[in-house]
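Trainee: Next come a sequence and a model predicted from it.
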Amino acid sequence: MINRRSTLKSMALGAVSTLALAALGISSAQAENKELKIGFVGVTSGPAAAWGTSNVRSMQTRAAWINETGGVKIGNDTYNINIVTFDDQKDPKRAIAGMEKMAQEGVHYVVGPNVDDGAAAVRPVAEANGIIYFPYAFPKALYQKPASNAVLGMIANYQSGPAIYKYLKENKGVKKIAFVAANESDPLSQRDSGVEAAKALGLEVVAQNDTYQNDTRDFTPVLTPIVALKPDLLVLSGVAPANAPLLIRAARELGYEGLISTETAQDAKVLEEGAGEYANGFISVGGASTPEIASDAMKEFVARYTKMFGEYNDESNTKVYALEYIIETLKANPAAINDVAEFKKTMDTFSAPNPFLKGDAKLSYVGMTSFGQKRQLSVPMVVNEYKDGAFQTLFVGSVD
Amino acid sequence: MEQVIANGLYLGAQYALIALGLTLIFALMNVLNFAHGQMYVLGGFITYTVYGQLGLPFVMALLASGVTLAVIGALMEKFLFRTVIRRSHREESTMLLAAATAFFFDAVILLLFGEKQRGVPKIVKGVFNNAGIIMPYDRMVVGVLAIVFIAAFVLYMQYSRVGRAMRALAQDRVAAQLMGVRVDRYSMIGFAMGAMLAGVVGGLLVTITGVNSGIGGPISIKAFLMVMIGGAGVVGGAIAGGFILGMMESVGLTVLREYGDVTYLVIFAALMVFLSIRPNGLMGKPWG
């Protein structure tokens, strides 16, 4: 006898069965996909955690997006992306251990490390184990022959710095320039190349030896003598996102009225909270999410990142690219999936549409001018100006 | 030069406040609290959340930072340090425990508050600019508050019943116990007060320097430096150490700027020479 209760029970069972079958279907479809491991070795704890965290979260967001939409087809196979992570704590010894772990896990493509000494330290491990890695570090020796396994993941300061200084000299009348850097290898080397570029442009360098400990919390004593020199432009060489608002605020509170810039990527929210309106006019190098140039895919990436981690980090505008390049290059030459020699061959001729920019921008490998070989991702050199809580594009450049 | 002195005094006031909690815990329990910087960071993040995110009054945020850290400090003493001190006769056991709690806090703070630098709206706007001295009003307020807190702390330790008991404990633990001082109770109160001071100064300074999850370690190191200069376990020493370090930083960063980052090199070299002459710091023995 059919009554109301049994009808409801049958409907419920039917619904559950349908859902179960659907779930089985989805999981079996996903199970059919192969797994492509992409590594990350970088700093996700300690004072510089912001650099690596924005890196790895960009990769995880993009990987989840790809996996959710059925994976990525490379050759005849479809792959789900698995991001294998390792926190090197900004310690070169741990970075080596991280790269060795990647080798043990059979990973051939690794994003990171985030700093100069870590990137230099992992080179022998990467070369010995057939790993291509994408550091966010600038020493040219990593990308020039005989080195061949490192690919610079962003615009180097010696590429963006001259462009920024030239722009500011021609458009804002900058004549006197001062540099201040943290007493660490990356910022110091960025400062030195910045000084060189400024002198080459005929700018008067009024301060180039001023440094600070990276864990400084109050920059007033550091900036007091520099502000007294009244430079037109104050360059915060290689400044960490955590320190940028503190330096800007201290300079402005000391009465500095000139321009302030850096060649590293920053986060608008951090600037807003830490420096407020003092940060207006601050110039930095970003990626591709300013409203003027961001594509719909970039907007979706930002939305997915925000949903996944609660808050977006503007540094990811640059760091979204590395994984995309790896995948697209593998799609262009599936033989490279386990053979980095094939990957290197493909880099010379590789070209694919850039999904994160409006218009017909392309992904390609560059670096011939700076390194003599294509060992750099072509990331748009977007120079931003901070204004009231957001970045506005000042100008867009490129490297070759 | 006026500016350099003003910078030094301001830095000194904030450094002294940072070092107070550390030296209190050391004096009472002979524990080097490596997690002091992480407690400072946690206090900063609580103020950031209450004042910066929820929009509640700054005083309430500061109170929340102090109370939360006091509770955490009390729990740490009761369930961790008391147990280890009771069971282990080796002093390095408490050091290892303190280091472990520092790493634990680092990880928890990173998970809870993320990797970004955080800041809050200024509590007072405007900049004082007169007689060759430039000083934002909010720094002046924080500097004055730091001095008020230091004075209140010293008076409390000197004249209150709890303060006297804690000083007795610091002087001679066994004698204090024989005289009827409840060692467990006052150790817990002392640890809670030390943690509370770290939380309050973290909350206070988040208005000036912001906070991020990675600065706990460096803050601890700087606090140890001040305590070493002044003399471990000596309240006056911590205050003196804070002001000396602040002044050395301010003068060094101005006078030595042409030579690159040698200020801390000089400070560390001077500290080594100083400690070889006065290994117990300026004020030497445990206070009382």
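Mentor: Nice, I can see it. In this text the structure is predicted, and so the values were computed from the model without any measurement.
Trainee: what about residue 44, neighbour count?
Mentor: Here I'm looking at chain A. Counted by other Cβ atoms under 10 Å in any protein chain shown, the residues lying close to A:Thr44 total 25. Any C-beta I mention is one placed from the backbone N, CA and C, and that applies to glycine too.
Trainee: actually chain B
Mentor: 33.
Trainee: Just list whatever residues bridge to the nearest residue to it once chain neighbours are set aside.
Mentor: Residue nearest to B:Gly44 in three dimensions, not counting chain neighbours: B:Val211, with 3.3 Å by Cβ to Cβ, 6 or more residues apart in numbering or on different chains. Counting by DSSP bridges, B:Val211 forms beta bridges with B:Arg118.
Trainee: B:Val211: what's it in contact with?
Mentor: By Cβ atoms under 8 Å, 6 or more residues apart in numbering or on different chains, the contact list for B:Val211 reads B:Val41, B:Gly44, B:Phe45, B:Tyr48, B:Gln117, B:Arg118, B:Gly119, B:Gly202, B:Leu205.
Trainee: Next, count neighbours for residue 278.
Mentor: The chain I'm using is chain A. 19.
Trainee: wait, chain B
Mentor: Other residues close to B:Arg278 by other Cβ under 10 Å number 13.
Trainee: So for it, what pLDDT did the model give?
Mentor: pLDDT for B:Arg278: 89.
Trainee: From B:Gly230, how far out is it?
Mentor: Using Cβ to Cβ, to the nearest Å, one obtains 11 Å as the distance from B:Arg278 to B:Gly230.
Trainee: For A:Ala240, which non-adjacent residue is spatially closest?
Mentor: A:Ala48 (6.1 Å).
Trainee: So that neighbour is in contact with B:Ile215, correct?
Mentor: No - counting by Cβ atoms under 8 Å, A:Ala48 stays clear of B:Ile215, with 11.1 Å between them.
Trainee: which of these two has more neighbours?
Mentor: More crowded of A:Ala48 and B:Ile215, by other Cβ under 10 Å: B:Ile215, with 28 against 24.
Trainee: Check which residues of the host helix or strand of A:Gln190 are buried.
Mentor: Using DSSP states H and E, A:Gln190 falls within helix A:185-200. For helix A:185-200, the neighbour count (16 or more other Cβ atoms under 10 Å in any protein chain shown) marks A:185-195, A:197-198 as buried.
Trainee: and B:Gly180, how many neighbours?
Mentor: 8.
Trainee: And it, how far from B:Arg161?
Mentor: 12 Å.
Trainee: Now for the residue nearest the centre of chain A: which residues touch it?
Mentor: The residue lying closest to the centre of chain A (Cα atoms, centre = their mean) is A:Lys319, at 2.6 Å. By Cβ under 8 Å, 6+ apart, A:Lys319 lies in contact with A:Ser54, A:Asn55, A:Ser58, A:Met59, A:Tyr136, A:Gly153, A:Met154, A:Gly287.
Trainee: What is the burial count for the closest residue to B:Asn33 other than its chain neighbours?
Mentor: Excluding the flanking residues, the one nearest B:Asn33 by Cβ to Cβ, 6+ apart is B:Ile25, at 4.8 Å. Close neighbours of B:Ile25, defined as other Cβ under 10 Å, add up to 30.
Trainee: Go ahead and confirm B:Ile25 touches B:Gly194.
Mentor: Yes - the pair B:Ile25 / B:Gly194 is scored as a contact, 3.9 Å apart, by Cβ under 8 Å.
Trainee: what is in contact with these two at once?
Mentor: The contact sets of B:Ile25 and B:Gly194 overlap at B:Asn33, B:His36 (Cβ under 8 Å, 6+ apart).
Trainee: Enumerate the residues of the stretch 51-200 of chain A near chain B.
Mentor: Residues of the stretch 51-200 of chain A lying close to chain B (Cβ under 8 Å from any Cβ of the partner chain) are A:Thr53, A:Ser54, A:Asn183.
Trainee: packing partners for the strand or helix carrying the first one?
Mentor: Right, A:Thr53. Assigned by DSSP H and E, A:Thr53 belongs to helix A:49-68. With contacts taken as 3 or more Cβ pairs under 8 Å, 6 or more residues apart in numbering or on different chains; DSSP states H and E, helix A:49-68 sits against strand A:34-42, strand A:77-87, strand A:109-111, helix A:296-309, helix A:316-319, helix A:321-332.
Trainee: Including mean pLDDT, could these go into TSV?
Mentor: Output for those, formatted as TSV (pLDDT from 0 to 100):
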stretch	mean pLDDT
strand A:34-42	96
strand A:77-87	96
strand A:109-111	98
helix A:296-309	94
helix A:316-319	87
helix A:321-332	96
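Trainee: With A:Asn280 as the reference, name the closest of those.
Mentor: helix A:316-319 (19.7 Å; Cβ to Cβ).
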